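# The following block contains a protein sequence and its predicted model.
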Amino acid sequence: MNDVSKPKRRWPRIVLIQLSVLVILAALAEIGVRVYLRTQGRPYDSEGARAALLELRSRSRDFVPRAAGAGSEAGRENDAQQRILHPYLGWEVVGSVEQLAAEVTRLGAGAHDGDYEVLIVGGSVADVFGQFGAPRLEERLRGDPRLAGREIYTYKYARGGFKHPQIVFAVQYLLSLGFTPECVVAIDGFNDVALSNDNATVGSNPVLPSTMHWSSLAMNGAVDRVGIELAASAIADSRSVENLTELVVDSGLYHSALCGTIAFARTRSLQLRARATSMEYSKRLRERGGKLVTAGPPFTGKGRPAIEDGVRAWEQGSRSLRAICEARGIRYVHVLQPTLHDPGAKPMTAEERDKGRIGETWLEGVTVGYPLLRAAGERLATGGEDYLDASRVFESATQTLYYDNCHFGPEGNKILADFVADHMLH
Amino acid sequence: MGAMSASPSRRSRILRLLAWQLAFVVVALSLAEFGWRMRMRLAGRAYDSDEVRARLDSMEARATSLVPIPVDANKDLPAEYAMQAQALHPYTGSMVVGKLEQIGIELVRVGPPENDGDFEILTLGGSVSAMFGPYGRPRLLELLQADPLLANRRIYVYEYGVGGFKQPQSLNLCQHLLTLGFTPECVINIDGFNEVALGNNNAFRGSNPTFPSFDHWSALTNQAAPDRETVRLAWDGLERQRQILELVSSARRFGAPRSVLASTFVLKRLDALESSAHESFEAYTKRLAARAKRLVLAGPPFEAGTEAAVRSSVRCWEESSRTLRALCEARGIAYLHVLQPTLHDVGSKVLTPREIATGEAPPTWIDGVHVGYPLLREAGARLKAGGEEFLDATRIFADVKDKIYFDNCHFGEAGNRLLAEFIAPELLRVLRNRR
């Protein structure tokens, strides 16, 4: 009997020792990771990790992963972020269709006649500006004696992925519906060079809408097995990102440097894979018959020629926007947005370098395209356009402003809002 | 040793038991197979293994394509229709395939310096403008070249009137062409009818009047809603189809068609899978249609009724023309806006019996013209007062007694010659004023 009972008593001890060893190892690993990160000049910040994970989760809630506003949180399976086909803009997001339906009620003679209405257009940077920069811009405008007593209202119709001529068509369409803004602020530039180059790389004319955003809608969605497999795979990866970030954030595991770092690395890799699959999906759709729809008119090719096409579309688009506005007595302010990888735009912090990794076509778009955009901007300014080069607005900012390769959060947007307000009120 | 010697006998007992079990199963299955066949024969449906094989083939075939198969915008069309087919376009909603090809062909003119001295005219509008190309252009060129102002210049006409187009489609097309590098010296926009007729028809069909013509555009958009849930539904259907394929393959490999029992089970399972796949695909189609209708085709909210719809269309027409003029002026391009004549505009022509017979139109079009043409003329007068070169051509056939129209809005060579003769002196005046 004694022989049988002895081993039974040993097991709890062994299990306890094993557990203790595990806990000690985990604690040592946690300390080791924290020490390592500190020696690398990047001490672990659990709140920062939480914000980054939430941001990744938000971005993963779209069919084709894309940038979302810093700190903004889209709901699971958020319909408002879904893209739909639009006859004049290529695509539109569901949320803005609803926004338009709500804001159409402001139109017509009546209570809002005396308001000073600002219409913000552009791509995702302008979209994020609508969230973080517009309140500051409104505050500055409200403080000006020339606008004293007038309600300042901002129409936010910038869309992630939009580039010229979509921005012209967006303004024109809103005017056709009866919108009567007093001022149009276009904040653009990055998409016109980065996404135009992307387009050319996959065989779509650079002046057509971003193929990654549009082709899935234009080519009848997911109509064949391989297409659906690719779409499903991209969605599965996005869902994994959601699940993982949810687990880490909700359970408080992000307080641990070890868990936070592992979760962050894993979500980043899943997101990269989802993006690659999405590109593959776009390519597949294009192969299935993009000749007429997504390829667009013939064009020279990728790289510099495509970027030049994008810059020409930007310049022609801005010329038209100015003409549209001047014909109606609307003030038009054109802002060339700053971007992280434009050499000399900002001293990059270690965090920005880490978060701001960028694909080859986008980097080429920025490095080749931004000097061309500045040159075109000068031509526009010489021609009398109210053009504002904001590509150096963060030139002397040493703190972290960007949270990915082209978007900046509240602090950067406040700086940009002040820069725009100074110009507008000058 | 006792335990050792018991083992082989226990093993042999187990083996015997298994053999009995197997034999029993085989006998039971044979009896069931025989019984089932008898039952089927008595029910007047004698089992036919060839028929089962055919059904398996058919199910396999059905499971190898995604159901439903949406219309492919780029599918091969017979040559005679290919150029007239509609394709999706990001900035104009729809576009005639022939025009897409034409842009590609005419882009070669953009850039080369040998074309710099040409006087290039870009014509815009709907189908009436498109028909002005073959029938009105020769007379227009004849009159322009007879004038000393353009006598020594080669004139090239970019014809971009597109059937069914209404504003802001023509405006967007113009901006698109400018973006691509086109540099016309003059833009002639001939429009008006589609705005009020098709705009009203849109409202009747539940689509915002400022959206592209419902009939031209909706067919291209129904499949375009691949959100997560839609992909999931399609994926579920495809999964069922994959299971069907695997089961069919296994059934064939193991000779299931030879057995009524196996066939019954397999076919029952296949039916269930196929029904589940159909359910997924039906939900997929419904979701596509619902999303397309609610989010894509309807457009922003609008007031119901002909009067409101037409007013909305006329505002869009006026705003678009204002913009077209601004785009042109910003580039030193002459802009001439022509309000086209149309058969159902009261007082625009004394109709012949033949024109009355061939001029039938849907009520929404006729109402659109009746309500809209006076509004277009008013808006045109406003544009003109604002400095636009606006040309009201709605009365150019007022005194013509002969047949001009061949349907409810289009006219042939005689009408287009008259239109060209109306436009040419005005265009020359505009060009002279600019010098």
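Looks like it arrived, so ask away. Residues are numbered from 1 along each chain as shown, chains lettered A, B, ... in the order given.

# contacts for stretch B:132-143?
Contact with stretch B:132-143 is made by B:123, B:125, B:155, B:157, B:159, B:161, B:190, B:412-413, B:415-417, B:419-421, B:423-425, as judged by Cβ atoms under 8 Å, 6 or more residues apart in numbering or on different chains. The C-beta positions use only the backbone N, C-alpha and C, and glycine is treated the same way.

# Of those, keep whichever come out buried.
B:123, B:125, B:155, B:157, B:159, B:161, B:190, B:415-417, B:419-420, B:423-424 (16 or more other Cβ atoms under 10 Å in any protein chain shown).

# of those, list those near chain A.
Under the cut-off given by Cβ under 8 Å from any Cβ of the partner chain, chain A has nothing from the buried ones among the contacts of stretch B:132-143 close to it.

# now, which of those residues lie within helices?
B:Gly415, B:Asn416, B:Arg417, B:Leu419, B:Ala420, B:Ile423, B:Ala424 (DSSP state H).

# just curious, which of these is nearest to chain A?
B:Ile423 (23.6 Å; Cβ to the nearest Cβ).

# From B:Cys186, how far off is the closest one?
Using Cβ to Cβ, to the nearest Å, we find B:Ile423 at a distance of 11 Å from B:Cys186.

# which residues do those two both contact?
In contact with both B:Ile423 and B:Cys186: B:Leu336, using Cβ under 8 Å, 6+ apart.

# Give me the mean pLDDT for stretch B:262-275.
For stretch B:262-275, mean pLDDT is 82.

# Is it possible to get TSV of the buried ones among the contacts of stretch B:132-143 that adds pLDDT?
Below are the buried ones among the contacts of stretch B:132-143 laid out as TSV (pLDDT from 0 to 100):
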residue	pLDDT
B:Thr123	97
B:Gly125	96
B:Ile155	95
B:Val157	96
B:Glu159	95
B:Gly161	94
B:Ile190	96
B:Gly415	95
B:Asn416	95
B:Arg417	96
B:Leu419	97
B:Ala420	96
B:Ile423	97
B:Ala424	96
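
# can you name the two of these that are farthest apart?
Farthest apart among those by Cβ to Cβ are B:Ile155 and B:Gly415. That separation is 21.9 Å.

# Which segments of chain B make up each domain?
Here the domain parsing of chain B from automatic domain parsing is B:48-80+B:214-298, B:83-211+B:301-434.

# Run through chain A and note the low-pLDDT ranges.
A:1-8, A:52-81, A:109, A:219-227, A:282-294 (pLDDT under 70).

# Spell out the residue ranges of the helices in it.
Using DSSP H, helices in chain A cover A:2-39, A:46-59, A:94-103, A:124-132, A:134-142, A:166-176, A:190-201, A:211-218, A:225-251, A:257-287, A:304-326, A:350-355, A:360-382, A:410-425.

# residues of the shortest one that come out buried?
Neighbour counts using 16+ other Cβ under 10 Å place A:Glu351, A:Glu352, A:Lys355 of helix A:350-355 among the buried residues.

# would you turn those residues into JSON lines with distance to chain B?
Formatted as JSON lines, the buried residues of helix A:350-355 follow (distance: Cβ to the nearest Cβ, whole Å):
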{"residue": "A:Glu351", "distance to chain B": "31"}
{"residue": "A:Glu352", "distance to chain B": "31"}
{"residue": "A:Lys355", "distance to chain B": "26"}
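
# Closest one of the residues you listed to B:Asn194?
A:Lys355 (50.3 Å).

# and the closest one, what is it in contact with?
Going by Cβ under 8 Å, 6+ apart, the list of residues near A:Lys355 reads A:Ala52, A:Tyr402, A:Tyr403, A:Asp404, A:Asn405.

# returning to that earlier point: identify whichever of the helices of chain A lies nearest to B:Asp48.
It's helix A:225-251; of the helices of chain A, that one is closest to B:Asp48 (Cβ to Cβ) at 32.6 Å.

# tell me what that closest one is packed against?
helix A:46-59, helix A:257-287, helix B:228-253 (3 or more Cβ pairs under 8 Å, 6 or more residues apart in numbering or on different chains; DSSP states H and E).

# neighbours of whatever residue of the stretch 1-150 of chain A ends up closest to chain B, just the number please.
Nearest residue of the stretch 1-150 of chain A to chain B (Cβ to the nearest Cβ) works out as A:Pro87 at 3.0 Å. A:Pro87 sits with 30 neighbouring residues when counted by other Cβ atoms under 10 Å in any protein chain shown.

# Enumerate every residue touching the closest residue to it other than its chain neighbours.
Nearest non-adjacent residue to A:Pro87, counting by Cβ to Cβ, 6 or more residues apart in numbering or on different chains: B:Gly93, 3.0 Å away. Going by Cβ under 8 Å, 6+ apart, B:Gly93 touches A:Pro87, A:Tyr88, B:Gln169, B:Phe211, B:Pro212, B:His216, B:Trp217, B:Leu220.

# can you pull the contacts of residue 177?
Since no chain was named, I'll use chain A. A:Leu177 sits next to A:Leu100, A:Val104, A:Leu107, B:Thr210, B:Pro300, B:Cys316 when contact means Cβ under 8 Å, 6+ apart.

# other chain: chain B
B:Ile103, B:Leu122, B:Tyr158, B:Tyr160 are the contacts of B:Leu177 under Cβ under 8 Å, 6+ apart.

# So the closest residue to A:Gly369 other than its chain neighbours versus A:Val368, what's the distance?
Leaving aside its chain neighbours, A:Gly369 sits nearest to A:Val193 (2.7 Å; criterion: Cβ to Cβ, 6+ apart). Separation of A:Val193 from A:Val368 (Cβ to Cβ): 7 Å.

# ok, the two, which is more surrounded?
Between A:Val193 and A:Val368, counted using other Cβ under 10 Å, A:Val193 has the larger neighbour count: 31 against 17.

# restrict the contacts of B:Leu177 to contacts with chain A.
With Cβ under 8 Å from any Cβ as the criterion, the contacts of B:Leu177 include B:Ile103 near chain A.

# Closest to chain A out of the contacts of B:Leu177?
Checking the contacts of B:Leu177 one by one against chain A (Cβ to the nearest Cβ), the nearest turns out to be B:Ile103, at 4.9 Å.
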